[in-house]
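Q: with the sequence up front, the predicted model follows.
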Amino acid sequence: GRCPECGSAALVEDSHYAQQQLVCAACGCVLAEGLLTTTYSDEQHLREVAYSQSTGQKEQLSRCMQRGIRRVQDLCKVLQLPSVFEETAVGYFQRALQHPAFHLVSLEKKELLGGCCVFVTCRQHSWPLTMGTICSLLYAKQELFAGVYLSVQKELGISVPALSLADLVKTHLSSFHLFRRAEDVPAPFVEGEEQVVARTLQVVELASETWLVTGRHPVPIVTAAAFLSWQSLRPAARLACSLARFCEVAGIPLPPPARLRLRELHEILLRMAAQLAWLRVFHLDKKTVVKHLGDLLQHRLVLLRNAFSLQDAEEQHGEAQGEGSAGCPPAAEPGQEEGCSLEGKRQCDSSQRPLLPPCLIHPRKRLRTAALSESDAALTGDEPISDSEIEQYLRGPQELRAFRKAKAWQ
């Protein structure tokens, strides 16, 4: 053929950096690009591909990708993670950065992608790592980190198991300064880590069985449980210590909801202590009940069933209604009858309270009722019930008792 530029027929093959090219000798125009055999699959079969499709072109990582990979590797080294974790986290980061959903996000969110990939890898391998630890290393806000973490989990289709409370307790308590002697820690405050962790796990299990964990942030609950466990091991020297002082000596920040969780745990322990025969003679309060925490945890299942039994409370309520008030004579004065009924009602309410979530016992907000539609407003309640819906309205005796008890507490 001839050169399209000058029309010369002097076409020669020139080797440029081991790349064959067809060049016009008259004007120097490059007519055809040389072909390379640099891809792994094509090298085995000696197939020639263009340089733009070779591995030499594809393996050139962007500056953003290289900087992110280094950040992931540095983070894994700081956390002292195994090499397998580092490889998995780098792979997740490369997938996330190449995903179209993360191309147009802000630079701040892109910098958090590496931390999210490390966090996902640790969760998948059951490595106890909290989101607060990652955020403190990255100097990031937990709300922003949580949003990026959920996006990575959704876009990449990664299944991440939830961190168990037992792992969270061990991880959170490992940062306490109370387990090693130091100048700023008083001698009576030093305690063995294994004993505190073991008892804290039991208190957290008790909180989980009494609706104190569901829907709550776990760190305040763990902090309150650790404080009670630490006090119960040496109550004589630690009952006077407050929760704020405990967190200060332990070297951890005091979560604001921890005081509420501590008060709820005290209420549960006091109701359980009322069921033990050898503790009824003492006038226990929220401080002195901590001394008997070991006994309460040892008989936890029986005490919870006796303290929050709906069936027993219903039977006692029925017997009280049939026999009359025990503290009131049959022919009492009107004022005395009213006072006795009020006192009996208080005792009934305090002894028959079912085991309900705290949001139902102490509601903070009133639910706003939405305006009824025209179709709902037209309903009177006297409409006939079809045969297909009649089974939804049938209740057993136990369900009826639970329904009446819940209605009475509204």
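A: Received the coordinates, thanks.
Q: count of neighbours near residue 192?
A: As a burial measure, residue 192 scores 11 neighbours (other C-beta atoms under 10 Å). From N, CA and C alone the C-beta is placed, and that goes for glycine too.
Q: how close does it get to residue 158?
A: 39 Å (C-beta to C-beta, to the nearest Å).
Q: low-confidence regions, the protein specifically.
A: 14-20, 33-61, 163, 309-354, 359, 362-372, 387-395, 410 (pLDDT under 70).
Q: domain parsing for it?
A: Listed domain ranges for the chain are 11-55, 63-163, 166-312 (source: the TED database).
Q: as JSON lines, these with distance to residue 375 would be great.
A: As requested, the domains of the chain are exported to JSON lines (distance: least, C-beta to C-beta, whole Å):
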{"stretch": "domain 11-55", "distance to residue 375": "64"}
{"stretch": "domain 63-163", "distance to residue 375": "37"}
{"stretch": "domain 166-312", "distance to residue 375": "33"}
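Q: which residue packs closest to residue 3, ignoring adjacent ones?
A: residue 24 (3.9 Å; C-beta to C-beta, 6 or more residues apart in numbering).
Q: let me see the backbone angles for that neighbour.
A: Phi and psi for residue 24, reported as degrees, to the nearest 10, are phi -80, psi 120.
Q: and the residue lying closest to residue 308 once chain neighbours are set aside, helix, strand or coil?
A: Excluding its sequence neighbours, the residue lying closest to residue 308 (C-beta to C-beta, 6+ apart) is residue 355, at 3.5 Å. With DSSP: H, G, I helix; E, B strand; the rest coil as the basis, residue 355 sits in coil.
Q: if I look at residue 355, how far off is residue 165?
A: In terms of C-beta to C-beta, residue 355 sits 19 Å off from residue 165.
Q: next: residue 302.
A: Counting by C-beta to C-beta, the gap from residue 302 to residue 165 is 23 Å.
Q: with neighbour numbers in mind, choose between these two.
A: Comparing residue 302 with residue 165 by neighbour count (other C-beta under 10 Å), the higher total belongs to residue 165, at 18 against 12.
Q: give me the neighbour count for the nearest residue to that one once chain neighbours are set aside.
A: Of all residues not flanking residue 165 in the chain, residue 204 sits nearest, at 5.4 Å (C-beta to C-beta, 6+ apart). Other residues lying near residue 204 total 24 when counted by other C-beta under 10 Å.
Q: same thing with residue 358?
A: If we define neighbours as other C-beta under 10 Å, then residue 358 has 19 of them.
Q: and if you look at residue 1?
A: Count around residue 1 with other C-beta under 10 Å applied: 7.
Q: now for it: which residues touch it?
A: Contacts of residue 1 were listed using C-beta atoms under 8 Å, 6 or more residues apart in numbering, and they are 9, 11, 31.
Q: residue 379: which of the residues you listed is nearest?
A: Using C-beta to C-beta, the shortest approach to residue 379 within the contacts of residue 1 belongs to residue 31, at 84.4 Å.
Q: my read is that the closest one contacts residue 13, right?
A: No - using C-beta atoms under 8 Å as the test, residue 31 is too far from residue 13 to be in contact (10.2 Å).
Q: which one of those two is surrounded by more residues?
A: Applying other C-beta under 10 Å to residue 31 and residue 13 shows that residue 31 carries more neighbours, namely 14 against 10.
Q: how about the more buried one, secondary structure?
A: Residue 31 is classified as strand under three-state DSSP.
Q: quick one, strands of this structure?
A: 11-16, 19-24, 30-32, 35-36, 49-50 (DSSP state E).
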